[in-house]
Every structure is written in C-alpha cells, then in structure tokens.
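**Student:** Generate coordinates for the sequence data below:
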Amino acid sequence: MVKGPKMTRQKISVDPKHPQSELAKRLQVDKDLDAGGVCVIKVATDRNLLRQVALKKILPEYTEHPTMRGRLIEEAQITSQLNHPNIVSVHELGVDKKDELFFTMDLIEGKTLKAFLKEINCQDRTARELFDHLQMFLKICDAIAYAHSHGVLHRDLKPTNIMVGDFGAIYVMDWGLARQKDRRPIFEESTINVKEDSQRYMVETNHPLGTWPYMAPEQAGADDSIVDERTDVFLLGGLLYEILAHVPPYEAKTMDELKEKVMSAVIDWPYERTNAYLPPPLCRITMKALMRAKVDRYQSVLELKDAVESYMYGGGQFETRRYQTGESIIRQGETGNEAFIIAKGRCSVFVTRDGENKPLREMGEGEIFGETAVLTDEPRTASVQAIVPTEVLVITAADFDEGLKSGTWLAKLLKVLASRFKEKDARVQELERELERLRPETSRTSS
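**Tutor:** Next comes the predicted model:
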C-alpha cells in the first residue's frame, strides 16, 4: 500500500536520451515510504520516464518464502489487470540483481482515508462535507464493483487502504489479499510468523485473512470458500461506518474480545459511537451492509451504491413518516421544528377559529408545508391532516439550519421570503376576522 507523508510534487521535465535497459540504471531506488507485515514500499525514480514510482518488495526475512513470493506476483498481476481510474496502476513486475521480486506502481500524492478523517472534527462536519465524503465512498464502490465484474474480491478494505489523492482522486490500494472468486488458493503453506500491524493478521492459507477491526464474520473462519462479493459489501459497510462515526465497526480491549465480536458481528449503531448528528437513513444503510448473515446484506456493491445515491440525490436523507386517514400531521399554534414533503397521498389544510375548522386548500404529492414556522421560529398558523393514507418526508430544523449556514444569497432570500409570507399571512387572517365580525352587522342592516 502506498501511504505516508505527502510527497513533494514534481515539476514536468524532459531529457531526450536513449532509454536505459539495465535495471540498475533505469530504476533508482530511494527512501522507504511504508512497511507492512511482510512487504516494504520504497520510493523509486524511473530514469527513462523521469517520474517517481512506488516500488513494493518482500521484506528480507520473507524473500525466500514461496507463499509470500507467490502472493506478491499475484497482487501485481491482479492489480495490473484492473484498469479502473480508482484503482492504482501497476507498471512493472521483475527481479533485481539480488533476484528479489518487486513491482512498481503509481506513487500517489495524498493521504490515507484514515488520516484524512482524523483531520476533520466529526461534530463540526457540515452537510456539504458529508456529501463530499459520500461521493468518495461512491468512487470506492465503483472500483470494487469493477473488480467484482472481473471475478476479483479485495477482502481487506479499510481506511488505511484507501488513498485520498490531490484534486479529488480516490484510489483503492493494497490488493495483497485479493483473490479470484472461483479459484481456490494456489499456495498451501504451513504457518509462518508475520509481523502484526494494527491488528492485521495476514497468515497462511486456512487461517483468517484480513484486518480484525473491519473483518466480515465469514472471514474469521477457516473456510475461505464462503467468502464472496457480499464479504466486500460488509467491508464497504465498515468504510461507510468510519466515514460517519470516525471509528471502526469493532473495538475491543483484548484480541479475544475482538475476535468474538467479529464472529458474532456485534456492532453498535454509528450514532452510538459519536456525539455528532448522523442521519438515521444513512445509519440504516450502513448497518444493513454490516449484517452478520450475507443474505441480509445488500447483495451486490451496486445495490449498496444505489442505496447511498438514493440518500444523496433522491430525498433519502430525510426520515419517512406515514399517516392514516384523518390523522393530524401538524397543528395550528404548535411550535414548528419540522417541515414536510408529501411523497404519497393527499392532505387538507385548515385553520381553527372560534372552535370551527375552516378549510383553506388541499395538497398532493410533491407539495411542501410547514417550512414557514421552521424558518421564522414562530407557531404554526394552520393545521394539516391526512385525507387518505399519506407518506411524507420530514425536513428537520437542523436541515434548514445547515442550508442557511451556507451563506448563499438563495439561503438569505429564503429566510426573508418566509418572514414576509408570515407577515402577509397574519395580515390576511386579521382581515378575515374583521370581515367575519362585520358580517352580522351587514346582515342586520340588510334586514
């Protein structure tokens, strides 16, 4: 995986000399960038193309281990064939003068998703920032869906394996645990001792492969054949969980406790792990992806992506409520902290004067009501009741506040218009009361 401190951006240069063929002359290996359990990432310079690349090779203590060598070759070959803008590109697979395996890939300028999220205060996050983070998530979904379409499972999705590059680029990294779905493991080796990194246990075939704080329950067993696309759906759910709450799905004080949580898929809801406000529909999407039984999860990455997109673009961010015929939705005189969009059904609007309900109008699908009281912080001036079974989307005062904080001219105009509408509505009601008062006098005069 390519991660670590932000690299100095190179300026474009040219040096039109005949390309070097000898490895030592065309590839200059520089400093270490990152080290994991069995591999190290180094910065290297391709002298022919005048660019920096990331070079991945096995740590010295594992260079002669056939399983580790085989996995490095598989990682390079799998990653190089996944031609997608959100998957890091592999350039070369070879051996150096010591006969040690390596491959080179893009050197990504940026930071891991883990580091990116650490720089953001979850409680101060705006709706726009959350929207941007969800767009990142959709790009990750695109990359994994693409891999699945080529029969490849990632099996180790986590925030440290996602790079947030400059200019909006997102990359899924570290395909070291990836495998072809319908192909059994090639390498059957006895147990080896591997360095532990952030509770990551990459051990031999027939043992769990993955990262425990994010692992799907089926990964915790010895039967790797039950791992499928829905396993990556679970891992994507873990990414979404951390995007929301800034913590992994599982946390425990001991390794035994952590393993038990993974195997039973005991996961608290995201809003239970933070004091920040998290939209309930988005939490429900996350928890569905993290269901213990694969059949209860989203059945594909695209299905999960569609759910998140519906939240982002189709009103999915709003709570849905249902009302039966004759049931009140809002009442005149009460404090207004919610507005409503009619998704299905019809409603009647009326005011109550002198104990009598006076109808004003009816509303149907797509119409909005209740927003004036929310924007002006004053009591509601009318009541709304369901005429038929009705379904509404609920827009909270917090949603309005978030929009008004944007400081745009449209937000300011909306609040001014609401205040003026409130004034006009009050004047209309005053005139109606005056008219009703005059009617008896007019009637007596006429008689």
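**Student:** Following element in sequence after the strand or helix carrying residue 79, please.
**Tutor:** Assigned by DSSP states H and E, residue 79 belongs to helix 66-81. Later in the chain than helix 66-81, the nearest helix or strand by DSSP H and E is strand 90-95.
**Student:** before we move on, back to that, helices or strands up against the helix holding residue 79?
**Tutor:** The contact analysis (3 or more C-beta pairs under 8 Å, 6 or more residues apart in numbering; DSSP states H and E) places helix 66-81 against strand 51-58, strand 90-95, strand 101-106. Glycine gets a C-beta too; all of them are placed from N, C-alpha and C.
**Student:** Now do it: distance to the chain's middle.
**Tutor:** 29 Å (C-alpha atoms, centre = their mean, to the nearest Å).
**Student:** now swap in stretch 148-163 and tell me
**Tutor:** Worked out by C-alpha atoms, centre = their mean, stretch 148-163 lies 15 Å from the chain centre.
**Student:** What is the end-to-end distance of it?
**Tutor:** End-to-end distance of stretch 148-163 (C-alpha to C-alpha, to the nearest Å): 20 Å.
**Student:** need the helix or strand of the chain with the lowest average pLDDT.
**Tutor:** Taking mean pLDDT, DSSP states H and E as the measure, the helix or strand of the chain with the lowest value is strand 200-202, at a mean of 40.
**Student:** Which stretches in this protein count as helices?
**Tutor:** 23-26, 66-81, 113-118, 127-149, 229-245, 255-264, 280-289, 301-313, 371-376, 397-404, 409-446 (DSSP state H).
**Student:** Which of those has the highest mean neighbour count?
**Tutor:** helix 229-245 (a mean of 25; mean count of other C-beta atoms under 10 Å).
**Student:** for residue 24, what are its contacts?
**Tutor:** Shown in contact with residue 24 (C-beta atoms under 8 Å, 6 or more residues apart in numbering): residue 97.
**Student:** From residue 94, how far out is it?
**Tutor:** Going from residue 24 to residue 94 by C-beta to C-beta, to the nearest Å gives 12 Å.
**Student:** before we move on, the earlier item: quick one, which of the helices of the chain gets closest to residue 356.
**Tutor:** Residue 356 lies closest to helix 409-446 among the helices of the chain, at 10.3 Å (C-beta to C-beta).
**Student:** wouldn't residue 351 be in contact with residue 360 here?
**Tutor:** Yes - the criterion here is C-beta atoms under 8 Å, and residue 351 meets it with residue 360 at 6.4 Å.
**Student:** Can you pull the residues that touch both of these two?
**Tutor:** Jointly contacting residue 351 and residue 360 under the rule C-beta under 8 Å, 6+ apart are residue 382.
**Student:** give the contact list for the closest residue in space to residue 394 that isn't next to it in sequence.
**Tutor:** Using C-beta to C-beta, 6 or more residues apart in numbering and skipping residues adjacent in sequence, the residue nearest residue 394 is residue 319, 4.4 Å away. Residues near residue 319 by C-beta under 8 Å, 6+ apart: 280-281, 393-394, 396.
**Student:** Closest one to residue 157 out of these, please.
**Tutor:** residue 281 (22.5 Å).
**Student:** Look at the closest one and report its pLDDT.
**Tutor:** Residue 281 carries a pLDDT score of 86 in this model.
**Student:** still on that earlier bit, now the helices and strands packed on helix 66-81 in JSON lines, with distance to residue 138?
**Tutor:** Putting the helices and strands packed on helix 66-81 into JSON lines (distance: least, C-beta to C-beta, whole Å) gives the following:
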{"stretch": "strand 51-58", "distance to residue 138": "25"}
{"stretch": "strand 90-95", "distance to residue 138": "24"}
{"stretch": "strand 101-106", "distance to residue 138": "21"}
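**Student:** Of these, which is nearest residue 149?
**Tutor:** strand 90-95 (18.7 Å).
**Student:** what pairs with that closest one, and is each one parallel or antiparallel?
**Tutor:** Next to strand 90-95 in the sheet, as set by DSSP bridges, lie strand 101-106 (antiparallel).
**Student:** contacting residues around residue 147?
**Tutor:** 82, 84, 87, 153-154, 178.
**Student:** let's see it at 7 Å
**Tutor:** 82, 154 (C-beta atoms under 7 Å, 6 or more residues apart in numbering).
**Student:** on that earlier part again, in JSON lines: the helices of the chain, plus distance to residue 210.
**Tutor:** Converted to JSON lines, the helices of the chain look like this (distance: least, C-beta to C-beta, whole Å):
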{"stretch": "helix 23-26", "distance to residue 210": "34"}
{"stretch": "helix 66-81", "distance to residue 210": "14"}
{"stretch": "helix 113-118", "distance to residue 210": "16"}
{"stretch": "helix 127-149", "distance to residue 210": "15"}
{"stretch": "helix 229-245", "distance to residue 210": "8"}
{"stretch": "helix 255-264", "distance to residue 210": "9"}
{"stretch": "helix 280-289", "distance to residue 210": "16"}
{"stretch": "helix 301-313", "distance to residue 210": "17"}
{"stretch": "helix 371-376", "distance to residue 210": "46"}
{"stretch": "helix 397-404", "distance to residue 210": "37"}
{"stretch": "helix 409-446", "distance to residue 210": "45"}
